[in-house]
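Visitor: Sequence and predicted structure are below.
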Amino acid sequence: MCITSLKEGLLSHARALKSGIGLTIFTSNQLIRMFAQNGLIHEARQVFEEMPERNVFTWNTIIAAHVKNNDLEQAEALFNSSHHRDLVTFNSMLAGYVDVDGYEIDALKLFVEMQASDTGIDENRAKYLMVDNGNWTWSPRMQWLRHVVEKLNDTVSWSTIISGFEQNGHYEESLKLFVSMSLKLGKEVHARLLKEGLHTNQYVSSGIVDIYCKCGNMEYAEIANAAFGVENTFSVTSMILGYSSIGYVKSQQCEVVFVLLKELLAEKIFALDPVILIHVLGACTIQASLDPGKQVHSYVLRKGIQMDEKLISAMIDMYSKCGNITYAERIFKEFMNRDSVLYNVMIAGYAHHGHEDRAVNLFTEMLGRGCRPNTATFIALLSACRHSGSVELGEQLFNSMATNYGIAPEVDHYACVIDLYGRANQLEKALSFMRKIPIEPDAVIWGAFFKCLQSKWEYGTSRRSRRESAEDRRRQWSSICAIGKFVCWGGELG
């Protein structure tokens, strides 16, 4: 008998109860589904309990009914007592766990059990439930999600969760997951190549080293490079690029870059690529290591390497930040095809050495050559003004950003102006300027203001600014720390 309506189902159930003749499994299953679809969970459960025999469809239907009714406790009890389970049974419970907070561990355990069962696993369905589901992708349960993705262990799942974090503004977590995925795949490829004996090819081996370097795992890169040998110049090149990245150079790994560079030069196989030279110069710049920078410059001249704008910019930046503004200026003047990037680097160099007049004159030349300034240009100019204490000029340049060039000031520009006022002991101007900032002050802006208070303290100003920092939803921990210092000093700086 096929039941097509709720009314027909109720009548069939009533007749069965009155006659004492049991319904078939097929008819009972139909009744359970129909009652559940219409919210009659009690009636559905009653039919289920009256059944002398049940099949997998029976269990799936009643479990799904309780899940839909948000009664996970009963659904879980039924699932645990069921004698018949298939993919639908597992999927119903997974859907219930995923849709309700607080069941993350239960879902993960069930997922693992599902994999271990002889029912197999429907990967597409599991991915949807565990990863694609919108309620979970951007939730704070990142570790839980990562466990799930690692269990699925395929690029589609990784890509889904990465996309989920990115689409919901969690860019840093998205990037971390991407690196994790790349590193995991790199290790798998490495293992396969070792097994197949393909790692002896220098292009293949250098690719493995390059993967580890780009994923930031220099420990694995070192091991791989040592195994392949320094005669593989491609691997050494990847190591140089990896160690000369910002993170590793700031971690005092600059010397490693220079050691690797010497190894590469000792091979004398080919001229160093400009990309390598730019990275090495970047390491010199961050560590203020002038001698290695000079060696790179000498190498470029000896080999007659054609320097493009990027290499020229890196060279100028290295010399200016390593204390030799004269060499930086000389290289800049020798290169006639200047763009805004090159001008910005030289202006920043002048600012770094306190040459305000030269920075402004170069800015004027930049405009005369038709190069349009950008945000980096004004950060360099404002830095020059704050180092020289030129308040009026700094104000003019800041105001010209939006008025003359249509450039919206950013956090660093506001911080520069505040620091400019602070160095000139114009604290009231600094506080007045802060109150006019159209964006919400962050740790950089508050930090600049409290730094300027160290030179001359006014307790009344301190109390007002301290209240405003507390009203900033107490998110700027660095500012709160700065306030604590001033409270400890008792406002006796004036």
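Guide: Here it is on my side, so go on. Numbers count the residues shown, from 1 in each chain.
Visitor: where does the stretch 201-350 of the chain dip in pLDDT?
Guide: Across the stretch 201-350 of the chain, the stretches falling below the confidence threshold (pLDDT under 70) are 229-233, 245-254, 267-271.
Visitor: how does it look with 90?
Guide: Low-confidence segments of the stretch 201-350 of the chain, defined by pLDDT under 90, span residues 201-293, 295-296, 299, 302-309, 335-338.
Visitor: and the helix or strand containing Asn60, what does it pack onto?
Guide: When elements are assigned from DSSP states H and E, Asn60 belongs to helix 56-68. Packing contacts for helix 56-68, counted by 3 or more CB pairs under 8 Å, 6 or more residues apart in numbering; DSSP states H and E, involve helix 25-37, helix 41-50, helix 72-81, helix 87-99. C-betas here are computed from N, CA, C, even on glycine.
Visitor: now that helix and helix 87-99, what's the angle there?
Guide: Orientation check (axes from the mean of the first three to the mean of the last three CA atoms, to 10 degrees): helix 56-68 against helix 87-99 gives 10 degrees.
Visitor: Please point out which parts of helix 56-68 sit buried.
Guide: Across helix 56-68, burial judged by 16 or more other CB atoms under 10 Å covers 57-68.
Visitor: Give me the residues contacting that helix.
Guide: 25, 28-29, 32-33, 35-36, 41, 44-45, 48, 51, 72, 74-75, 78-79, 82-86, 88-89, 92-93, 95-96 (CB atoms under 8 Å, 6 or more residues apart in numbering).
Visitor: Return the mean pLDDT over that helix, rounded to an integer.
Guide: Predicted confidence along helix 56-68 averages 86 (mean pLDDT).
Visitor: about what we covered before: I only care about the contacts of helix 56-68 that end up buried; give me the PyMOL line for that.
Guide: In PyMOL, selecting the buried portion of the contacts of helix 56-68, with burial taken from 16+ other CB under 10 Å, looks like this:
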select buried, resi 28+29+32+33+35+36+41+44+45+48+51+72+74+75+78+79+82+85+88+89+92+93+95+96
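Visitor: Which one, of the helices and strands packed on helix 56-68, ends up nearest to Ala191?
Guide: Across those, Ala191 has its closest neighbour in helix 87-99 (31.4 Å, CB to CB).
Visitor: Export the closest one to CSV, keeping only CA atoms.
Guide: Listed in CSV are the C-alpha atoms of helix 87-99, where the atom choice follows Å, rounded to 0.1, in the frame of the first residue of the first chain:
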residue,chain,number,x,y,z
LEU,A,87,26.1,5.8,4.6
VAL,A,88,22.7,7.5,5.1
THR,A,89,22.7,6.6,8.8
PHE,A,90,26.1,8.1,9.4
ASN,A,91,25.3,11.2,7.2
SER,A,92,22.1,11.9,9.2
MET,A,93,24.0,11.9,12.5
LEU,A,94,26.9,14.0,11.0
ALA,A,95,24.4,16.5,9.7
GLY,A,96,22.9,16.8,13.2
TYR,A,97,26.2,17.3,14.9
VAL,A,98,27.4,19.9,12.4
ASP,A,99,24.2,22.0,12.7
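Visitor: quick check: angle from it to helix 72-81?
Guide: Using the same axes, to 10 degrees, helix 87-99 lies at 150 degrees relative to helix 72-81.
Visitor: Which elements pack onto helix 87-99?
Guide: The contact analysis (3+ CB pairs under 8 Å, 6+ apart) places helix 87-99 against helix 56-68, helix 72-81, helix 104-116, helix 123-127, helix 134-137.
Visitor: how about a cut-off of 7 Å?
Guide: The elements that helix 87-99 packs onto, with contact taken as 3 or more CB pairs under 7 Å, 6 or more residues apart in numbering; DSSP states H and E, are helix 56-68, helix 72-81, helix 104-116, helix 134-137.
Visitor: pLDDT averaged over the last one, what's the number?
Guide: For helix 134-137, the mean pLDDT works out to 44.
Visitor: that older thread, for the buried residues of helix 56-68, which one is nearest Leu185?
Guide: Of all the buried residues of helix 56-68, Leu185 sits closest to Val67, with 35.6 Å by CB to CB.
Visitor: Nearest residue to the closest one in space, please, no chain neighbours.
Guide: Spatial nearest neighbour of Val67, chain neighbours left out: Gly96 (3.8 Å); criterion: CB to CB, 6 or more residues apart in numbering.
Visitor: got the contact list for the one you found?
Guide: When the contact criterion is CB atoms under 7 Å, 6 or more residues apart in numbering, the partners of Gly96 are 67, 72, 75.
Visitor: and the residues you listed as TSV, adding distance to Tyr103?
Guide: Converted to TSV, the contacts of Gly96 look like this (distance: CB to CB, whole Å):
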residue	distance to Tyr103
Val67	11
Leu72	7
Ala75	11
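Visitor: so which of the residues you listed comes closest to His353?
Guide: Distance from His353 was checked for each of those by CB to CB. The minimum falls on Leu72, at 67.7 Å.
Visitor: Kindly provide the distance from the residue lying closest to the closest one once chain neighbours are set aside to Ala36.
Guide: What sits nearest to Leu72 in space, not counting adjacent residues and going by CB to CB, 6+ apart, is Gly96, at 5.3 Å. Separation of Gly96 from Ala36 (CB to CB, to the nearest Å): 14 Å.
Visitor: Also Gly197?
Guide: According to CB to CB, Gly197 stands 59 Å off from Ala36.
Visitor: repeat for Glu73
Guide: Taking CB to CB as the measure, Glu73 falls 17 Å from Ala36.
Visitor: you'd agree Ala448 is up against Ala415?
Guide: Yes: Ala448 is within contact range of Ala415, at 4.1 Å (criterion: CB atoms under 7 Å).
Visitor: so what does the longest helix along the chain touch, helix or strand wise?
Guide: Of all the segments of type helix in the chain, defined by DSSP state H, the longest one is helix 171-196. Contacting helix 171-196 under the criterion 3+ CB pairs under 7 Å, 6+ apart are the following elements: helix 155-167, helix 202-214.
Visitor: got the buried residues for whatever helix or strand comes next after the last one?
Guide: Toward the C-terminal end, the helix or strand that comes next after helix 202-214 (DSSP H and E) is helix 218-228. Applying a neighbour-count criterion of 16+ other CB under 10 Å, one finds 218, 220-222, 224-225, 228 buried in helix 218-228.
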